[in-house]
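Trainee: Got a sequence here, can you build the structure:
(2 chains)
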Amino acid sequence: MKNKNYSREHLAFLKKQRTKKITVIVLRCLVLAAVFGVWELLARYKVINSFITSSPSRVIKTIGMLYNEGTLFYHIGITLGETMAGFFAAVILGYATAVLLWSSDTLHAVMEPYIVVLNSLPKIALGPLIIIWIGTGNDAIIFMTVIVAVILCIMNTYAGFSAVDPTKLTLMKAMGAGKLTTLVKLVAPASLPALMNTLKVAVGLAWIGSIMGEYIVSRAGLGYLIVYGGQVMKLDLVMTATLILCALAGGMYAIIALIEKIVVKQF
Amino acid sequence: MLEFENVSYTYHTKSGETSAVRDLNFKVLKGQFVSVIGPSGCGKSTILSIAAGLLSPSSGKVVCDSAEFGYMLQRDALFEWRTVEQNIFLPLEIKKRNSAEMRKKAVELAEKYGLKDFLKKSPSQLSGGMRQRVALIRTLAAEPEILLLDEPFSALDYQTRLEVCDDVQAIIKSEKKTALLVTHDISEAIALSDKVVVLSSRPAHVVAEHAIDFAATPRERRNDVRFAKTFEVLREELGL
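Mentor: Take a look at the predicted model:
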């Protein structure tokens, strides 16, 4: 990227861009530090009741405690596992369904109202059914994650398929390409950016699904810690689990954003 | 050779039926470059779709001694995720003629027409005129007998358009291909063709046919005194 032949003006421009980028990153960190700092100070000087609000130092202490008990990574692992399993299942199932809907206009027309209804249905309403059908194990939580995320995966992926340039479709048809060839050579690659967007939305939904699942049935996991902590008034535990969730969700989103950057570069 | 015999085509929509083409008769001889001009919305693109077999005529038939068509569209429709070279290979992959020999031929064709330095580039790095040239080479890569051109220059700005249209004509002539071009641009039709077919407004049928035989290249034609005369005649026939 570096080019010594740039004019002075261009170098100044690049420097300005860089400075701006760094400023934003520094300010972001400062916002985070300020929130935690104020929270800690308010708790320490008893402006707020740290029994109810917890505080950063108590959160760190709780993390240390969980770590020493050996359960920190156990709980994280359980929830992360459920979320990932649900996420991949939802994305794959969503993609496969979108391909089916795309392959037949009639099928799409038939299924559309059901998809719309399922999309608006609050999935938590299915909680009791899930317990009865699937039981109270991890499967139930993964199932909850899938149904929360899958409908949007179907809708987004299908929208991506339908947005393919009609001129390109005509071209494929004129070259004598069948449905499968059109899917493989044109529709799938052309809708990659849409797929990346779907993944981003699906990550958020997968976390909602897994935590919701753990609220209903669970004996371990971050959602379990939150419910348990709430029931026994251990707000430190609730805050700790919530902050860990924030970090994990942010991390997973960042990974997908990175993949997107690599994949979509050529578009 | 490609011949339309009493071809009619009717579009059906919920709100009714529209007769797009009625009793269409004309011929494109082997090696000939024929343009079809007509008022906009007269069903010109429909004619190409029928020729390519994408639509089947409501009545009449299209007689053709080769099923090998190449279709070139208004926009280049290059795939952004493929390099120029991979774009040119696309028809080979789809028509299952993706042999090393065919690929080599396609690359040679691209190099012959000035795409040598662009083969590994992405289409987004190319100018509009260059992209349309890639689209032409892509169309030629599968070695079609007949080229169907659907206003392939209409998305280009005027200067690029003159340049690319001369370019494309030269390539098609030197590769000895038969071509059927639809356009609404009278001067483009005169400059490029051996024969111009004038269509009426919808439902389209043939109003007149003109053989254009003066001057050899599009550039010379535009400078020829007969260009303006022919233009006048065609303009009258289109009712403009």
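Trainee: quick check: mean pLDDT across stretch B:14-30?
Mentor: Stretch B:14-30 shows a mean pLDDT of 86.
Trainee: what's the answer for stretch B:187-197, then?
Mentor: The average pLDDT within stretch B:187-197 is 88.
Trainee: How far does that stretch stretch from one end to the other?
Mentor: 13 Å (Cα to Cα, to the nearest Å).
Trainee: Show me how the record splits chain B into domains.
Mentor: Under automatic domain parsing, the residue ranges defining each domain of chain B are B:1-68+B:146-240, B:82-144.
Trainee: Helix, strand, or coil at B:Leu156?
Mentor: coil (DSSP: H, G, I helix; E, B strand; the rest coil).
Trainee: Where does chain B get nearest to chain A, residue-wise?
Mentor: Relative to chain A, the nearest point of chain B is B:Tyr71 (3.6 Å; Cβ to the nearest Cβ). Every residue, glycine included, has its C-beta placed from N, CA and C.
Trainee: and that residue, what element?
Mentor: Assigned by DSSP states H and E, B:Tyr71 falls within strand B:69-72.
Trainee: buried ones in whichever helix or strand comes after that strand?
Mentor: For strand B:69-72, the following helix or strand on the C-terminal side (DSSP H and E) is helix B:84-94. By neighbour count on 16 or more other Cβ atoms under 10 Å in any protein chain shown, the buried set for helix B:84-94 is B:Val84, B:Glu85, B:Gln86, B:Asn87, B:Ile88, B:Phe89, B:Leu90, B:Pro91, B:Leu92, B:Glu93, B:Ile94.
Trainee: State whether the last one and A:Met175 are indeed in contact, as I suppose.
Mentor: Just to be clear, that refers to B:Ile94. Yes: counting by Cβ atoms under 8 Å, B:Ile94 touches A:Met175, with 4.7 Å between them.
Trainee: Neighbours of A:Leu27, how many?
Mentor: Neighbours of A:Leu27 under the rule other Cβ atoms under 10 Å in any protein chain shown: 10.
Trainee: and if you look at the one 4 residues further on?
Mentor: Number of residues near A:Val31 (other Cβ under 10 Å) recorded here: 10.
Trainee: ok, now A:Arg44?
Mentor: Neighbour number of A:Arg44 under other Cβ under 10 Å is 13.
Trainee: returning to that earlier point: between the buried residues of helix B:84-94, which sits nearest A:His108?
Mentor: A:His108 has its nearest neighbour among the buried residues of helix B:84-94 in B:Ile94, at 24.8 Å by Cβ to Cβ.
Trainee: one step back: for the residue of chain B closest to chain A, name its beta-bridge partners.
Mentor: Beta bridges link B:Tyr71 to B:Leu148, judged by DSSP bridges.
Trainee: what's near enough to touch it?
Mentor: Residues near B:Tyr71 by Cβ atoms under 8 Å, 6 or more residues apart in numbering or on different chains: A:Thr170, A:Leu171, A:Ala174, A:Met175, B:Leu48, B:Ala52, B:Thr139, B:Leu148, B:Asp150.
Trainee: now those residues in JSON lines, with secondary structure and pLDDT?
Mentor: Output for those, formatted as JSON lines (DSSP: H, G, I helix; E, B strand; the rest coil; pLDDT from 0 to 100):
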{"residue": "A:Thr170", "secondary structure": "helix", "pLDDT": "89"}
{"residue": "A:Leu171", "secondary structure": "helix", "pLDDT": "89"}
{"residue": "A:Ala174", "secondary structure": "helix", "pLDDT": "86"}
{"residue": "A:Met175", "secondary structure": "coil", "pLDDT": "87"}
{"residue": "B:Leu48", "secondary structure": "helix", "pLDDT": "86"}
{"residue": "B:Ala52", "secondary structure": "helix", "pLDDT": "84"}
{"residue": "B:Thr139", "secondary structure": "helix", "pLDDT": "89"}
{"residue": "B:Leu148", "secondary structure": "strand", "pLDDT": "90"}
{"residue": "B:Asp150", "secondary structure": "strand", "pLDDT": "88"}
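Trainee: Mind giving me the ChimeraX select for those residues, buried ones only?
Mentor: Those of the contacts of B:Tyr71 that count as buried under 16+ other Cβ under 10 Å are selected in ChimeraX with:
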select /A:170,171,174,175 /B:48,52,139,148,150
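Trainee: Sweet, I'm off.
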